[in-house]
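Undergrad: Sequence isn't available, so here's the structure alone:
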Ligand code: FAD
């Protein structure tokens, strides 16, 4: 049985074509109607998606009741540029962030100048808190009947999530190093973890247990993607660097119809989500690939979220994977 307290959230990426941009609002509306805790929007590591990420975040802010979460990256940027970027997003009304370093271009030397001024996500977490503190040093409330204002003790804080790697970041040497990285992110002020994709529930459950024992206090949401085609599986492997799960790959390869592959992907993701929730995961974060049907079907199968309209068999929106 899934925990009644379990929650869910979604990830989108900024559209890469006019057709995808035109289709995205309808997808967001459907995702928002399911009542997620937040919808996160990815950000290009070199700042390439600044405008389009912000457009998607603004749509979520202006047209839904859901809180948007902005991914931000720091690799390759100066301190001043990152400061300005954070301020721009805060000024737009964003109060939730996922602070990630981003991957440096292949030709950048490890430790070289091309990495920029801010070398890790932990430094980015600190900078987001600092910029917010400078913008809103304290809160004020009007005093009824007097031309005065009371200073509030607590100013408005932001939520800052960070990346977690159940099977290790590609450049880390051991799981302990990944746990140390999470502890560093926590010390910098992060208050939520979201994982890289993985294929086996035990990968997440062991990692979350080790992180907790090491002193990580914030919840870590497992990231799940319904893999509904061989092309999507290939993309998932590129993104995660994980080994190929041969059973799933074979099922997708031998299934002759799109409907059948869609069903395989949903059933597989729902099975994984259920094992994670049964094992104590605080919720699930669904990578949507900018398509609502598959993720809403996954939620329906694990008993999370209202999903009467989610049972259409094939995606109709946005770009294919
Ligand atoms: P960091 O935390 O800075 O870590 C980078 C490296 O340093 C790692 O090897 C880490 O192990 C090591 N390290 C850090 N601190 C320590 C420490 N204290 N001790 C030892 N080692 C340490 N990329 C994008 O470009 N845009 C996105 O929108 C985006 N969203 C993502 C969302 C999620 C949920 C995830 C999991 C990843 C996302 N990424 C995104 C990818 C991410 O930018 C890369 O994986 C990047 O290589 C690492 O990012 P990080 O924030 O974990 O880096």
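TA: That came in fine, so what should we check first? Fair warning: this is a prediction, and the values are worked out from it, not measured in the lab.
Undergrad: what mean pLDDT does stretch 156-173 have?
TA: Averaging pLDDT along stretch 156-173 gives 91.
Undergrad: Which parts of it count as buried, going by neighbours?
TA: By neighbour count on 16 or more other C-beta atoms under 10 Å, the buried set for stretch 156-173 is 158-168. Where C-beta positions appear, they are placed from N, C-alpha and C, glycine not excepted.
Undergrad: Same list, the residues you listed, but only the ones touching the ligand.
TA: Among these, the ones lying near the ligand by C-beta under 6 Å from any ligand atom are residue 163.
Undergrad: so who does residue 90 touch?
TA: 131-132, 135, 158 (C-beta atoms under 8 Å, 6 or more residues apart in numbering).
Undergrad: Distance of it relative to residue 223?
TA: Computed with C-beta to C-beta, to the nearest Å, the distance linking residue 90 and residue 223 is 25 Å.
Undergrad: Check residue 189 too.
TA: For residue 189 relative to residue 223 (C-beta to C-beta), the value is 22 Å.
Undergrad: swap in residue 63?
TA: Residue 63 is 25 Å from residue 223, by C-beta to C-beta.
Undergrad: out of these two, which sits in the more crowded spot?
TA: With neighbours defined as other C-beta atoms under 10 Å, residue 63 and residue 223 compare such that residue 223 has more, 22 against 12.
Undergrad: correct me, but the more buried one touches residue 194?
TA: Yes: Residue 223 lies in contact with residue 194 (C-beta atoms under 8 Å); the separation is 5.7 Å.
Undergrad: which neighbours do these two share?
TA: Counting by C-beta under 8 Å, 6+ apart, the residues touching both residue 223 and residue 194 are residue 285.
Undergrad: Quick check: what element follows the helix or strand residue 21 falls within along the chain?
TA: Element membership for residue 21 (DSSP states H and E) is helix 18-33. Proceeding N to C from helix 18-33, the next assigned helix or strand is strand 38-41, under DSSP H and E.
Undergrad: partners of that next one in the sheet?
TA: The pairing partners recorded for strand 38-41 under DSSP bridges are strand 7-12 (parallel), strand 67-73 (parallel).
Undergrad: Mind listing residues that contact the first one?
TA: Under the contact criterion C-beta under 8 Å, 6+ apart, strand 7-12 has outside partners 24, 27-28, 31, 34, 36-42, 56, 69, 221, 223, 282-288, 290, 295, 299, 304-305.
Undergrad: sorry, back to before: in PyMOL, select just the buried ones from the contacts of residue 90.
TA: The buried subset of the contacts of residue 90, as determined by 16+ other C-beta under 10 Å, is captured in PyMOL by this line:
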select buried, resi 131+132+158
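Undergrad: Residue 160: what's it in contact with?
TA: Taking C-beta under 8 Å, 6+ apart, one finds 96-99, 125, 128-129, 189-192 in contact with residue 160.
Undergrad: and the closest residue to residue 297 other than its chain neighbours, how many neighbours does it have?
TA: Nearest residue to residue 297 in three dimensions, chain neighbours excluded: residue 266, at 4.7 Å (C-beta to C-beta, 6 or more residues apart in numbering). Neighbour count for residue 266, taken as other C-beta under 10 Å: 24.
Undergrad: same check, this time on residue 91
TA: 9.
Undergrad: what residues are up against it?
TA: residue 135.
Undergrad: Provide the backbone phi and psi angles at it.
TA: phi -60, psi -30 (degrees, to the nearest 10).
Undergrad: picking up where we left off before, narrow the contacts of residue 160 to those in helices?
TA: Among these, the ones falling in helices (DSSP state H) are 125, 128-129.
Undergrad: wait, which of these is closest to residue 253?
TA: Ranked by distance to residue 253 (C-beta to C-beta), the ones in helices among the contacts of residue 160 are led by residue 125 at 41.3 Å.
Undergrad: so residue 266 is in which element?
TA: Going by DSSP H and E, residue 266 is part of helix 258-278.
Undergrad: which secondary structure elements does whichever helix or strand comes after that helix contact?
TA: Scanning forward in sequence from helix 258-278 by DSSP H and E, the next helix or strand is strand 283-287. With contacts defined as 3 or more C-beta pairs under 8 Å, 6 or more residues apart in numbering; DSSP states H and E, strand 283-287 has these neighbours: strand 7-12, strand 220-221, strand 223-224, helix 258-278, helix 292-301.
Undergrad: is strand 283-287 anywhere near the ligand?
TA: No: between strand 283-287 and the ligand, judged by C-beta under 6 Å from any ligand atom, nothing touches; the nearest distance is 7.4 Å.
Undergrad: hmm, who's touching that strand?
TA: By C-beta under 8 Å, 6+ apart, strand 283-287 touches 6-11, 37, 40, 194-195, 197, 219, 221-226, 269, 273, 276-277, 295, 298-299, 302, 304.
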